[in-house]
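> model this:
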Amino acid sequence: MRVCEVIGNVVASAHHPAYDGGTLLVVQPLDDAGNKVGASLLALDRVQAGVGDRVLVMAEGNGVRQLMGKDAGPIQVLIVGIVDAVERA
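Next up is the predicted model:
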């Protein structure tokens, strides 16, 4: 899992039925210090995140299939939570 920041919305007039009930968002992975790293990802959101939110992202197809079951379809990146705070020990 990764911590990412939502940086944009995606609007698609035609999509796979697995995307029904969710929103497509562009997310940017963050490192431990909160700096942007790597390429952005397209993720399905079912937790009502918005632009600027820090989110917890599962970016592994098998894990997504285990969470969504047979409805996973072509989804490989799923937003599974909104991050309120990060504490380092």
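> any idea which residue sits dead centre in this structure?
residue 79 (3.2 Å; CA atoms, centre = their mean).
> Which secondary structure elements does the lowest-mean-pLDDT helix or strand in the chain sit against?
When the helices and strands of the chain are scored by mean pLDDT, DSSP states H and E, helix 61-68 comes last with a mean of 76. Using 3 or more CB pairs under 8 Å, 6 or more residues apart in numbering; DSSP states H and E, the elements in contact with helix 61-68 are strand 78-82. All C-beta spots, glycine's among them, are computed from the backbone N, C-alpha and C.
> what's the angle from the strand it packs on to helix 61-68?
Put simply, strand 78-82 runs at 60 degrees to helix 61-68, going by axes from the mean of the first three to the mean of the last three CA atoms, to 10 degrees.
> What pairs with strand 78-82, parallel or antiparallel?
strand 41-45 (parallel), strand 54-58 (antiparallel) (DSSP bridges).
> CA atoms of it as CSV?
Extracted in CSV, the C-alpha atoms of strand 78-82 (Å, rounded to 0.1, in the frame of the first residue of the first chain):
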residue,chain,number,x,y,z
LEU,A,78,-8.0,1.2,-5.6
ILE,A,79,-8.3,4.0,-2.9
VAL,A,80,-9.0,2.2,0.3
GLY,A,81,-9.0,5.1,2.8
ILE,A,82,-8.5,8.8,3.5
